[in-house]
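any chance you could fold what I've pasted below:
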Amino acid sequence: MRWSAVLLLTAPAFAQTCDRACLEGFVNRYLDAMLAHDPKRLPVAPDVRFSENDVTLRLGEALWRTASGIGNYKLYFADPQAGQAGFFGTIQENGRGASIALRLKIESGKISEAEQLVIRAAGTYNNLEKAGSPDPLLLEPVPLAERMPRTQLIRTANLYFEAIEDGNGKVAPFASDCERFENGMKTTPKEGCSDQLDTHVFDYIQKIYPRRFLVVDEERQIVFGFFMFNHPGDITWINIPGQGRRDMPASAKRPFSVDVAEAFKIRNGQIRMVEALMTSLPYGANSPFTPQYGH
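Numbers count the residues shown, from 1 in each chain. Okay, the predicted model is just below:
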């Protein structure tokens, strides 16, 4: 683990005055301005930084030019202490369904950073629109007496990535009823999150770095961030305990990276649900918001 990097990326710089309603309001204003193709509608810092799919752009480019509608699925994450908001939602782009994962940083009442992943896949859009709204578990506030501190929440979520890299589900504290959804599709078998990792089915994912834990929603005990899954493509088969050899799919037999916007719902020290939106990128891709630590 590279905790010096993780903590540097997540430590709030100063106390914020923008509460949940304020942060969610900034997300809605951002989406409305995008739909109007007019970033001038937003209060932004003079040096505002913007990226789409890990490419630095000028605010107003890319999806800002092509957005044509906002969908029904909306999931917000709010971190008043850090002044950051996260969002999963559905959109239309020139009339075609797509999905977005968004992070905004608010400083002194202005947007200083806007980072988004756009998943231009009809299947993901349809999955989320069919769901209509987030799972109630993700919206459920946790009583104050039962909440874990933000650093412990981050450490718990980080064990998920350690478990994937180790091929050992016991590394992470998964709840027995843990479920994972990727691009709107349930990807955990009936055995659950932990036992699935024990099969080594994810061994082709050799490094998950950088791990950027950015929004800690303490009220709902959710950790949201962006995490780069790196696939060198040189693991072409795995040995599943009790089943034997299984060839990897063709999609895993090439070098590529996947930027995953992921949210972890944590209760009683256990990971209850994982919700993710992701898109493939060239191998070795990195976010422009990531300090250049060694890989």
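
can you give me the helices for the stretch 51-200 of the chain?
63-66, 122-131, 136-139, 150-166, 193-198 (DSSP state H, counting those that start in this stretch).

identify the residues contacting the first one?
Pointing back at helix 63-66 there. Residues outside helix 63-66 that contact it (C-beta atoms under 8 Å, 6 or more residues apart in numbering): 34, 37, 39, 52, 91, 93-94, 100, 116, 118. Glycine gets a C-beta too; all of them are placed from N, C-alpha and C.

mind listing the strands for this structure?
44-52, 55-57, 67-79, 84-93, 96-107, 110-119, 174-182, 185-186, 207-217, 222-231, 237-240, 244-247, 256-267, 270-281 (DSSP state E).

what's the closest of these to residue 140?
Across the strands of the chain, residue 140 has its closest neighbour in strand 256-267 (8.2 Å, C-beta to C-beta).

residues contacting residue 115?
Residue 115 is in contact with 50-51, 102-104, 226, 287, 289, counting by C-beta under 8 Å, 6+ apart.

bridging residues for it?
Beta-bridge pairing of residue 115 under DSSP bridges involves residue 51, residue 103.

residue 99: how many residues sit nearby?
The number of residues packed near residue 99 is 28, by other C-beta atoms under 10 Å.

with residue 66 instead?
Neighbours of residue 66 (other C-beta under 10 Å): 18.

before we move on, what about residue 259?
Per other C-beta under 10 Å, the neighbour tally for residue 259 reads 22.

just checking, it touches residue 282?
No. With contact defined as C-beta atoms under 8 Å, residue 259 does not count as touching residue 282 (10.9 Å).

now do stretch 99-112, average pLDDT.
The pLDDT scores in stretch 99-112 average 98.

buried residues, that stretch. List them.
By neighbour count on 16 or more other C-beta atoms under 10 Å, the buried set for stretch 99-112 is 99-107, 111-112.

what's the answer for stretch 78-95, then?
Buried, per 16+ other C-beta under 10 Å, within stretch 78-95: 78-80, 82-93.

and stretch 262-276, by the same measure?
If you call a residue buried by 16+ other C-beta under 10 Å, then stretch 262-276 has these buried ones: 262-267, 271-276.

quote the end-to-end distance of that stretch.
For stretch 262-276, the first and last residues are 4 Å from each other (C-alpha to C-alpha, to the nearest Å).

dead centre of this structure: give me the residue that sits there.
Centroid check for the chain by C-alpha atoms, centre = their mean gives residue 261 as the closest residue, at 1.8 Å.

need the contact list for the nearest residue to it once chain neighbours are set aside.
Residue nearest to residue 261 in three dimensions, not counting chain neighbours: residue 101, with 3.4 Å by C-beta to C-beta, 6 or more residues apart in numbering. Contact analysis of residue 101 by C-beta under 8 Å, 6+ apart lists 86-88, 116-117, 119, 226, 261, 277.

please report how far residue 101 lies from residue 143.
Per C-beta to C-beta, to the nearest Å, residue 101 is found 28 Å from residue 143.

then residue 136?
According to C-beta to C-beta, residue 136 and residue 143 sit 16 Å apart.

over to residue 37?
As judged by C-beta to C-beta, residue 37 and residue 143 stand 43 Å apart.

more neighbours, the two?
More crowded of residue 37 and residue 143, by other C-beta under 10 Å: residue 37, with 14 against 6.

thought residue 67 was touching that one, still the case?
Yes. Shown here, residue 37 and residue 67 form a contact pair, counting by C-beta under 8 Å, at 7.3 Å.

so for stretch 190-210, what gets flagged as buried?
Quick answer for stretch 190-210 (16+ other C-beta under 10 Å): 192-194, 196-197, 199-205, 208-210.

give me the residues contacting stretch 279-295.
2, 5, 8-9, 49, 51, 53-56, 113, 115, 117-120, 207, 209-210, 212, 226, 228, 230-233, 255-259.

looking at that stretch now, give me its mean pLDDT.
On average, the pLDDT along stretch 279-295 is 82.

do the same with stretch 222-236
On average, stretch 222-236 scores 93.

check stretch 258-270 too.
On average, stretch 258-270 scores 97.

got it, and stretch 184-196?
Taken as a whole, stretch 184-196 has an average pLDDT of 91.

let the chain start at 51 from now.
Noted, 51 is the first residue going forward, which turns the last one into stretch 234-246.

how far does it stretch from start to finish?
End-to-end distance for stretch 234-246: 19 Å, by C-alpha to C-alpha.

so how far is it from its chain's centroid?
In this view, stretch 234-246 has its centroid 18 Å away from the chain centroid, taken as C-alpha atoms, centre = their mean, to the nearest Å.
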